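Undergrad: Quick one: sequence and predicted model below, then my questions.
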Amino acid sequence: MPIIAVKNLEKIYYNEDVETPSLRGVSFDINAGEFVAIMGPSGSGKSTLLHILGFLDRHTRGEYRFEGKTIDDYSKEEIAKVRNEKMGFIFQSFNLLRRATVFENVKLPLMYSGKKEPEWNDIAMRAIEKVGLGHRINHQSSQLSGGEQQRVAIARAIVNNPSIVFADEPTGNLDSKSGGQIMELIDSLHESGNTIVLITHETYTAEYSQRIIRLKDGLIEKDEKVASRHHTFIK
Amino acid sequence: MKFKNIFKTSFEGLRVNKSRSALTVLGIVIGITSIILIAALGQGAQNLILGQIQGQVGSKVIEIAPGRQPKGPTDIMSIFSDSLKQKDVDALAQKSNAPHITTIMPLVFGSESVAFGSETYQATIYGMTDAAEKLYNVSSGQGRFLTEDDVKSYADVVVIGSGVKEELFENYNEAVGQKIKIKGRNFKVIGVLDTKGQGMLIGFDEVVIMPYTTAQRYILGIKHFQHLIVEADTEENIIRTVEDIEITLRNSHNITDPEKDDFNVTSQADAMEMVSTITDILTMFLVAVAAISLIVGGIGIMNIMLVSVTERTREIGLRKAIGATDSDILFQFLFEAIALTVTGGIIGIALGAIFSLAAAIILTSVLAMDWSFAFPVSAAIIGFCVAAFVGLVFGIYPARKASRKHPIEALRYE
């Protein structure tokens, strides 16, 4: 069973009776362990798609199943629980709590989880070490560089050991050097078994993935394997 | 999310904006402080007044006045009724009617000009008996008080208040033994009362006391009494004695329907209760005025919380994206508001206590009033609850607004 199954998905925004279609019928599956990039110019519907995949928004028509279930199978509280336990989110602008420390930021999803409080420190510490920031846990996030901030955000995304990680333009606010390091980190997460869905408009960034789904005007233009990945890991 | 952690998150949110939180709290602090201060001063004033009543008249004293209990403006005239007569005193004096009465004192009064030489003074004349000394806790510092013989013999003697003495005998050391003129009749001054000071029900400093028999016959020209003052043997027997008096007087006046009573009986406890009620109402009125400032403070809290919710839109979106439910967000912001007002409440209670203690010290040492510091615990508890309630009421709207933010809109917010 694919982890993500999308069939004829449509999304229409209604603004004062004006219909603006954003997705006009897209279909694809993503299997567990895949690293997929969704590409397209702005206005292609890629962000809308990511929001629907992340249960942050509802589709208008068609079907979306995450681990076999649709958003309508869950109550509002259960959706929050699914987002907390099974999905990790990485944003372009990091979205850290500025005055909280690295440690506190990474612990945030644990506070909303069912995990017991005494375990939080260990779990958060492991995630922070995975992104290589073990030496900066007590720094305020506002004191960190952009690349480091995005690492904190990645640690936060994986702290609950989710089934899938959604990354929305994770390198968009970074210079090319730290952007590259972030992509290598995401690639290493994939190597260690995480399913990754990456949203980007840069071909170079997308080529870290195994498969690129190209969107244009709300439709899938191309869905193909990446021939030569910027793969830093040697199997 | 557990409540404990929501609390932590809320306090974290306040800590980040320390100076803003402090300024916001100020409105609540002022409101609660003034409520506590007013309640404490009200309580102190009540204690002062009740203490004075109790100090002047023993708590075993019962007052019988002519006319029924005033129920409307027209009943006020009935105090001029002449329904209380000697036969009532005789009836009450019988042990079989009212076994717990120890003292009965008829009381008459009027206002007359009192003259000594060329000095005159408009004084209140009280016709009493020797029992007044004990009933009203007064004493003649100079000379003596009335005696039973004075009453029986219609003696032309008076005991004067210290104020009267000063007015009439300004240039004399000794008033006792002098003769004063009231309604053209000479009265010998047999005693001067000790100064009792202000605030008494009867201003004993300004009175002229003479035997009630003399007053009835030569000054007022009446045969009835304006009051009967009765003392019971113990406080426990007050209620029973009030009933005994009512039954005895009804028999004496041939009244069968209590609605048609031509007298009314008030015990000291009743009078104190009435005073308490009046001061309570006054205090509550003032507290209500002070409470308006809490509404202003609450609006301040709501205003700041709305700003805070808008400022932290991205944080709200992020929290929702990583698994916060609507109610997690709602409680986070609601607790922030409540934490603000409760903190303000606690500071206000402390400040209110300090200020009312300071007021008590000033009133006793500077103004020499017999004031006792009273910290109104009930007002403190109510103040605390009101503060929390204000947080709840004015925090709920911003918190709901926060909890309803759509995660995508919130994350996109710049």
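TA: Cool, the structure landed. Numbers count the residues shown, from 1 in each chain, chains lettered A, B, ... in the order given.

Undergrad: what's next to stretch A:58-66, contact-wise?
TA: For stretch A:58-66, contacts defined as Cβ atoms under 8 Å, 6 or more residues apart in numbering or on different chains pick out A:3-12, A:23, A:25, A:27, A:52-53, A:55, A:70-71, A:82, A:86. Any C-beta I mention is one placed from the backbone N, CA and C, and that applies to glycine too.

Undergrad: Show me those that map onto helices.
TA: A:52-53, A:82, A:86 (DSSP state H).

Undergrad: So which of the contacts of stretch A:58-66 are in strands?
TA: Residues of the contacts of stretch A:58-66 located in strands (DSSP state E): A:4-12, A:23, A:25, A:27.

Undergrad: Please convert the buried members of the residues you listed into ChimeraX selection syntax.
TA: Those of the ones in strands among the contacts of stretch A:58-66 that count as buried under 16 or more other Cβ atoms under 10 Å in any protein chain shown are selected in ChimeraX with:
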select /A:4,5,6,9,11,23
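
Undergrad: Let's see the pLDDT reported for B:P70.
TA: Note on B:P70: pLDDT of 61.

Undergrad: Over to the one 5 residues further on?
TA: In this model, B:D75 is scored at 58, pLDDT.

Undergrad: what's the distance between the residue in chain A positioned nearest to chain B and A:A32?
TA: Minimum separation of chain A from chain B (Cβ to the nearest Cβ) falls at A:N84, amounting to 2.4 Å. Separation of A:N84 from A:A32 (Cβ to Cβ, to the nearest Å): 19 Å.

Undergrad: go on, B:P398?
TA: 42 Å.

Undergrad: The two - which one has more neighbours?
TA: With neighbours defined as other Cβ atoms under 10 Å in any protein chain shown, B:P398 and A:A32 compare such that B:P398 has more, 24 against 14.

Undergrad: Touching, that one and B:Q332? I think so.
TA: No - assessed by Cβ atoms under 8 Å, B:P398 is found out of contact with B:Q332, at 11.1 Å.

Undergrad: where does B:T256 fall, helix, sheet strand or coil?
TA: The three-state label given to B:T256 by DSSP: H, G, I helix; E, B strand; the rest coil is coil.

Undergrad: That one touches B:I247, doesn't it?
TA: No - judged on Cβ under 8 Å, B:T256 makes no contact with B:I247 at a distance of 11.4 Å.

Undergrad: residues contacting B:V61?
TA: B:V61 makes contact with B:135, B:229-231, B:267-268, according to Cβ under 8 Å, 6+ apart.

Undergrad: same thing but 7 Å
TA: Contacts for B:V61 (Cβ atoms under 7 Å, 6 or more residues apart in numbering or on different chains) come out as B:135, B:229, B:231, B:268.

Undergrad: now do B:E166
TA: Taking Cβ under 7 Å, 6+ apart, one finds nothing in contact with B:E166.

Undergrad: quick one: it from B:E231, how far?
TA: 31 Å.

Undergrad: Could you list the contact residues of chain B toward chain A?
TA: Residues of chain B lying close to chain A (Cβ under 7 Å from any Cβ of the partner chain) are B:1, B:5, B:16, B:314-315, B:318, B:321-326, B:328, B:407-408, B:411.

Undergrad: Mark which of these are buried, thanks.
TA: In the residues of chain B next to chain A, burial by neighbour count holds for B:1, B:5, B:314-315, B:318, B:321-326, B:328, B:407-408, B:411, counting by 16+ other Cβ under 10 Å.

Undergrad: returning to that earlier point: quick one: which of the ones in helices among the contacts of stretch A:58-66 is nearest to B:S356?
TA: A:V82 (56.3 Å; Cβ to Cβ).

Undergrad: could you say what helices and strands the longest helix along chain A packs with?
TA: The residue-count maximum for a helix in chain A (DSSP H) belongs to helix A:176-191. Secondary-structure packing of helix A:176-191 (3 or more Cβ pairs under 7 Å, 6 or more residues apart in numbering or on different chains; DSSP states H and E): helix A:146-158, strand A:195-200.

Undergrad: Serialize the ones in strands among the contacts of stretch A:58-66 to TSV and add fields for pLDDT and distance to chain B.
TA: Converted to TSV, the ones in strands among the contacts of stretch A:58-66 look like this (pLDDT from 0 to 100; distance: Cβ to the nearest Cβ, whole Å):
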residue	pLDDT	distance to chain B
A:I4	94	17
A:A5	95	22
A:V6	95	18
A:K7	94	22
A:N8	94	22
A:L9	94	16
A:E10	94	17
A:K11	93	12
A:I12	92	15
A:L23	92	14
A:G25	92	21
A:S27	95	23
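
Undergrad: quick one: secondary structure of the residue lying closest to B:V157 once chain neighbours are set aside?
TA: Nearest in space to B:V157, with sequence neighbours left out and distances taken as Cβ to Cβ, 6 or more residues apart in numbering or on different chains, is B:I190 at 4.6 Å. With three-state DSSP as the basis, B:I190 sits in strand.

Undergrad: show me what contacts B:I190?
TA: With the criterion set at Cβ under 7 Å, 6+ apart, B:I190 makes contact with B:143-144, B:157-159, B:176.

Undergrad: how about 10 Å then?
TA: Applying Cβ atoms under 10 Å, 6 or more residues apart in numbering or on different chains, we find B:I190 in contact with B:140, B:142-147, B:150, B:155, B:157-160, B:175-177, B:209-210.

Undergrad: and the residue of chain A closest to chain B, how many neighbours?
TA: A:N84 is flanked by 24 other residues according to other Cβ under 10 Å.

Undergrad: pretty sure it contacts A:A157?
TA: No - using Cβ atoms under 10 Å, A:N84 is not in contact with A:A157, being 11.3 Å away.

Undergrad: overlap in contacts of those two?
TA: The contact sets of A:N84 and A:A157 overlap at A:109, B:321-322 (Cβ under 10 Å, 6+ apart).

Undergrad: Using CSV, please lay out those residues together with distance to B:I219.
TA: Formatted as CSV, the shared contacts of A:N84 and A:A157 follow (distance: Cβ to Cβ, whole Å):
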residue, distance to B:I219
A:P109, 94
B:A321, 94
B:I322, 94
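
Undergrad: I am finished for the moment; much appreciated.
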